[in-house]
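Novice: Give me a 3D structure for the following:
(4 chains)
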4 protein chains.
Amino acid sequence: MKIKTAITNFKQDKEFIRGQDLEELIKNKSFVESIFLILKGELPSDNETKMMNALFTAAIDHGPGTASAQTARITVSAKNSMHTSLAAGILAMGDRHGSAIEGAAKFFQENFDCDDVESLVKDLKEKKIRIPGYGHPFLEYDNRVDVLFEVAKETGFYGKHSELAEKVRDVLNSVSSKKLPLNVDGVMGAIISDMGFDWKLGKGFFIIARVPGLVAHIYEEIVDDVGVRRMDQGDIEYKGK
Amino acid sequence: MKIKTAITNFKQDKEFIRGQDLEELIKNKSFVESIFLILKGELPSDNETKMMNALFTAAIDHGPGTASAQTARITVSAKNSMHTSLAAGILAMGDRHGSAIEGAAKFFQENFDCDDVESLVKDLKEKKIRIPGYGHPFLEYDNRVDVLFEVAKETGFYGKHSELAEKVRDVLNSVSSKKLPLNVDGVMGAIISDMGFDWKLGKGFFIIARVPGLVAHIYEEIVDDVGVRRMDQGDIEYKGK
Amino acid sequence: MKIKTAITNFKQDKEFIRGQDLEELIKNKSFVESIFLILKGELPSDNETKMMNALFTAAIDHGPGTASAQTARITVSAKNSMHTSLAAGILAMGDRHGSAIEGAAKFFQENFDCDDVESLVKDLKEKKIRIPGYGHPFLEYDNRVDVLFEVAKETGFYGKHSELAEKVRDVLNSVSSKKLPLNVDGVMGAIISDMGFDWKLGKGFFIIARVPGLVAHIYEEIVDDVGVRRMDQGDIEYKGK
Amino acid sequence: MKIKTAITNFKQDKEFIRGQDLEELIKNKSFVESIFLILKGELPSDNETKMMNALFTAAIDHGPGTASAQTARITVSAKNSMHTSLAAGILAMGDRHGSAIEGAAKFFQENFDCDDVESLVKDLKEKKIRIPGYGHPFLEYDNRVDVLFEVAKETGFYGKHSELAEKVRDVLNSVSSKKLPLNVDGVMGAIISDMGFDWKLGKGFFIIARVPGLVAHIYEEIVDDVGVRRMDQGDIEYKGK
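Specialist: Numbers count the residues shown, from 1 in each chain, chains lettered A, B, ... in the order given. So this is what the prediction gives:
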């Protein structure tokens, strides 16, 4: 196996990330600036850094009830290590959990220059194709959306993808009987698109943001140690072979 | 399954991380400040933030040849999703890869008040117990160590655990024939100890730091798409059943 | 979380798999008969048992060079446990490794009554849609295919899906310049279809078959213990940021 | 990366497992015989085959409430693939779930020639070291134990490790206030020891046995599709930061 890479290089005991001396990064740059660098190949402006900080913070945790927090906590409760439990948490991030950032960014990047959003949305609704990034399992309204757009406007990253995201929400709510707010995944998908990131990095953004939350859940489970989490037999119903 | 948690709470559509309003965090705090908050239960000082940024940046990537980068790249090359490939990368972080932060922190926290380091080290050497955080597979000298201690001195986190780390290195090198530098895992283990973090969070620190690097490797493999990475048959030797 | 299940039930300290007393299964049935039972809800006939044995055996291993064997061996070489390393191996089973059973079974089940296979295949070729289950990375000809069809004919499971599989191969090779043999995934997809299994179980068949092979690879790596498998620095080429 | 292996070899388009022609295995041997071969390097006798079938069948499933079934079902409920969900299930097999086979086998192999079991057990009890393979979370008595020993006696694999397992149980129950039956993990650990398997393969035995059960649970969740499994907010208690 041979690998060609543009990410990290070593020269005479020195390490370079995307051409930048790692020692300088450690001394002079924040972690989020280095994340931006490693994902995009260049150091960020102050506005880019501010926006990235807001995006990652917005998704840092969403309580112990999510699929990823549950699998992580069950796994560590069976006496597993931090990294094994964290991987179990990440595996739960399927198409129904944490994936809408990527799906929404893909949709916005493919349709940002659409001049008839109403027809586009109605057409998809007719074909029963769900647009990712709208609706929430238990929140009526997600405050993180407003705050992220506020920061996006301040930093100059409220652009055509974000506009499209809001237009789509308006059309969706005019044609749907149930309330479909733009959710935090949708707004993140719109803003990373306005920052020029490839939608294929969408899930990566979510995972970078959520890993510290999962580490906290796993650590809490280690410290509190309530024993292996089995289901109550009473919660299991046998329905015949 | 019931869970008691101190991490995240919801009140009337508002989310709180360790008691802090998430909206305020998004607007006013950096991602690293929020990571500190979620792991430690309180917001960091400026010095704590600076030190955390340096620690995470130092471990952001170490090239495509590490066990975790390899498993992540092989997994995505077999056409897997970002999160599945990332989990495969994290699974490779066993006792021989990325674990020495935790092992070193545990050692420093258990021995920080040892008054005869020389005997301690010699005794372990005799019992053939390896102290984690020393030595490197291919670098003679790891520049990241000096830089991290420099930042630790500036921010006030070069304390008794860091001192012990250097003393242990000196004794090790006086009794060992091969050079055993303090490596980046060792210095990170010492500094998180001087910052007051439980050693049980050591592996968590490493994973938070390295996930962006793994995301970059997986994304590069997706974009370059060289096909599924199988071993060359010539690299496989059959040694008899 | 409440779960309704038809798989396993407990009554007064007795366990039942799909309604069958587990004690009786242990005493009187083979493991493969119990696998059939748990997947299909009924005990197999002798012919079904024979066919299942052949299918699982055919996929038990394919050497250390596959994506799954590599990730499993790298992971355990970094000092991980058996189950963590095995999970890493399984994660590498993406769309390009071990997935063609399911893809082929889906294709055969959707097209088993197609009366113009030639047009179907040519049409897909024109649209550049690859039919799963044909071609092999390094074998010109896969002997396992003939043997599996031989057993299928003996046991009465060479039916319309298997016939379709062979017809498709013939058309493919008449229109394609490179040789496209039916591979072991393709023939397994055809036979499980002729046995009446849902294609959604196709990947499950592959994993059940391959897990013992992966266990053997991980165990070999534990016993031989050559140290953590890093890439040779000489195999890494830096191509510019 | 170069690998030396004794497991699988290719010669002129033919595949050999531990020196046996795979075609012959497919035609003439059962899956369990091939599993024995790949793990032990030789084909089993009829008694070995019978014993292996009983062992694997005994652990094929234990209901949807185990840690592994839960993580597998939660993961697939978030719309993940079969292999990703299965890996999540396997990750939950930590020291408190499915590990006692290995732990018990290790204990029996290290102490099979102990001539004072009573002192050994009492000594460990005093040091608060738990012997793996005894006790059960919700069954008072595990019928699988008797049945497995019955088969072991029939096939000649009730040997000194199994005898030790029963002696240890008797001593444990004479000194402990709560009932500590030999559980299915313990008896499996004893029997694989009497069959001559290295205890390091113990977890591998459990995983091979349980994978079909997990595949059945994941498939049931795919077919029933109840949506992503989040915790009920009412089951989460906030205990202060």
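Novice: List, one by one, the residues from chain A near chain C.
Specialist: With CB under 8 Å from any CB of the partner chain as the criterion, chain A comes near chain C at residues A:1-7, A:9-10, A:18-19, A:41, A:80-81, A:84, A:87, A:91, A:231, A:233, A:235-241. All C-beta atoms are positioned from the backbone trio N, CA, C, and that covers glycine.
Novice: how about a cut-off of 7 Å?
Specialist: Residues of chain A that fall close to chain C, judged by CB under 7 Å from any CB of the partner chain: A:1-6, A:9, A:18-19, A:41, A:84, A:231, A:235-241.
Novice: Report whether stretch A:141-161 contacts chain B.
Specialist: Yes - Stretch A:141-161 comes into contact with chain B (CB under 7 Å from any CB), by way of A:141, A:143, A:144, A:147, A:148, A:151.
Novice: Where neighbours are concerned, which of those residues has the most?
Specialist: Within those, residue A:148 tops the neighbour count with 29 neighbours, counted by other CB atoms under 10 Å in any protein chain shown.
Novice: How about it, nearest residue that isn't a chain neighbour?
Specialist: residue A:187 (4.9 Å; CB to CB, 6 or more residues apart in numbering or on different chains).
Novice: re the thing from before, and the residues of chain A next to chain C near chain D, which?
Specialist: Near chain D, by the rule CB under 7 Å from any CB, you find A:1, A:84, A:231, A:236 out of the residues of chain A next to chain C.
Novice: so where does residue A:47 fall, helix or strand?
Specialist: In the assignment (DSSP states H and E), residue A:47 maps to helix A:46-58.
Novice: So what touches that helix?
Specialist: With CB atoms under 7 Å, 6 or more residues apart in numbering or on different chains as the contact definition, helix A:46-58 has outside contacts at A:32-33, A:35-36, A:44, A:144, A:148, A:151-152, A:155-157, A:184, A:188, A:191, A:195, A:205, A:208-209, B:25-26, B:29-31, B:34.
Novice: Separate out the buried members of those.
Specialist: Buried subset of the contacts of helix A:46-58 (neighbour count, 16 or more other CB atoms under 10 Å in any protein chain shown): A:32-33, A:35-36, A:44, A:144, A:148, A:151-152, A:155, A:157, A:184, A:188, A:191, A:195, A:205, A:208-209, B:25-26, B:29-31, B:34.
Novice: Looking at the residues you listed, which are in helices?
Specialist: A:32-33, A:35-36, A:144, A:148, A:151-152, A:155, A:184, A:188, A:191, A:205, A:208-209, B:25-26, B:31, B:34 (DSSP state H).
Novice: now residue A:4, what's its secondary structure?
Specialist: strand (DSSP: H, G, I helix; E, B strand; the rest coil).
Novice: Enumerate every residue touching it.
Specialist: Here residue A:4 is in contact with C:237, C:239 (CB under 7 Å, 6+ apart).
Novice: give me the beta-bridge partners of it?
Specialist: Beta-bridge pairing for residue A:4 (DSSP bridges): residue C:237.
Novice: got it, and the one 10 residues further on?
Specialist: Taking DSSP bridges, one obtains residue A:11 as the residues bridged to residue A:14.
Novice: my guess is it meets residue B:144, correct?
Specialist: No - at 9.9 Å, residue A:14 does not count as touching residue B:144 under the criterion of CB atoms under 7 Å.
Novice: Residue A:101: neighbouring residues, count only.
Specialist: Neighbours around residue A:101, by other CB under 10 Å: 31.
Novice: likewise residue A:176?
Specialist: Residue A:176 has 13 neighbouring residues, counting by other CB under 10 Å.
Novice: With adjacent residues omitted, what lies nearest to it?
Specialist: Residue A:176's closest residue in space is residue A:125 (CB to CB, 6+ apart), at 7.5 Å.
Novice: next one: residue A:36
Specialist: Leaving aside its sequence neighbours, residue A:36 sits nearest to residue A:44 (CB to CB, 6+ apart; 4.1 Å).
Novice: That neighbour and residue A:35, how far apart?
Specialist: Here the criterion is CB to CB, to the nearest Å. By it, residue A:44 lies 9 Å from residue A:35.
Novice: Which residues are in contact with residue A:7?
Specialist: Residue A:7 neighbours (CB under 7 Å, 6+ apart): A:18, A:38, B:61, B:216, B:217, B:220.
Novice: wait, which of these is closest to residue D:225?
Specialist: Taking CB to CB as the measure, residue D:225 lies nearest residue B:217 of the contacts of residue A:7, at 33.8 Å.
Novice: got any ranges where chain A has weak pLDDT?
Specialist: A:137-140, A:241 (pLDDT under 70).
Novice: Domain map for it?
Specialist: Partitioning chain A according to automatic domain parsing yields domains covering residues A:1-44, A:46-229.
Novice: how far does the longest one stretch from start to finish?
Specialist: Yep, that's domain A:46-229 we're talking about. 45 Å (CA to CA, to the nearest Å).
Novice: Stretch A:60-69 now?
Specialist: End to end - CA to CA - stretch A:60-69 spans 12 Å.
Novice: could you check whether it is close to chain B?
Specialist: Yes - Stretch A:60-69 lies within reach of chain B by CB under 7 Å from any CB, at A:60, A:61, A:62, A:63, A:64.
Novice: In contact with the nearest residue to the fourth one once chain neighbours are set aside, which residues?
Specialist: Meaning residue A:63. Nearest residue to residue A:63 in three dimensions, chain neighbours excluded: residue B:8, at 4.5 Å (CB to CB, 6+ apart). Residue B:8 makes contact with A:61, A:62, A:63, B:15, B:16, B:17, according to CB under 7 Å, 6+ apart.
Novice: so how many other residues sit close to residue A:16?
Specialist: 18.
Novice: Kindly apply the preceding question to residue A:177 instead.
Specialist: Count around residue A:177 with other CB under 10 Å applied: 6.
Novice: what about it, which SS state?
Specialist: coil.
Novice: cool, and residue A:113?
Specialist: Here residue A:113 is recorded as coil under three-state DSSP.
Novice: Could you report the separation of the residue lying closest to it once chain neighbours are set aside from chain C?
Specialist: Excluding its sequence neighbours, the residue lying closest to residue A:113 (CB to CB, 6+ apart) is residue A:160, at 7.6 Å. According to CB to the nearest CB, to the nearest Å, residue A:160 and chain C sit 28 Å apart.
Novice: from what I can see residue A:160 touches residue A:111, true?
Specialist: No - Residue A:160 lies out of contact with residue A:111 (CB under 7 Å); the separation is 10.2 Å.
Novice: among the domains of chain A, which is nearest residue C:224?
Specialist: Of all the domains of chain A, domain A:1-44 sits nearest to residue C:224, with 19.7 Å by CB to CB.
Novice: Run a quick neighbour tally on the residue nearest to residue A:194 when sequence neighbours are not counted.
Specialist: Distances taken as CB to CB, 6+ apart put residue A:159 closest to residue A:194, at 3.8 Å, once the chain neighbours are dropped. Per other CB under 10 Å, the neighbour tally for residue A:159 reads 16.
Novice: Next up, the contacts around residue A:182.
Specialist: Taking CB under 7 Å, 6+ apart, one finds A:133, A:134, A:145, A:165, A:166, A:169 in contact with residue A:182.
Novice: Identify the residue nearest the geometric centre of chain A.
Specialist: residue A:206 (2.2 Å; CA atoms, centre = their mean).
Novice: measure that one to residue A:56 for me?
Specialist: Applying CB to CB, the value for residue A:206 to residue A:56 is 9 Å.
Novice: Please apply the same query to residue A:204.
Specialist: Separation of residue A:204 from residue A:56 (CB to CB): 11 Å.
Novice: Other residues contacting stretch A:127-143?
Specialist: Contacts of stretch A:127-143 (CB under 7 Å, 6+ apart): A:100, A:103-104, A:107, A:124, A:165, A:168-169, A:172, A:179-186, A:189, B:13-14, B:23, D:230, D:233.
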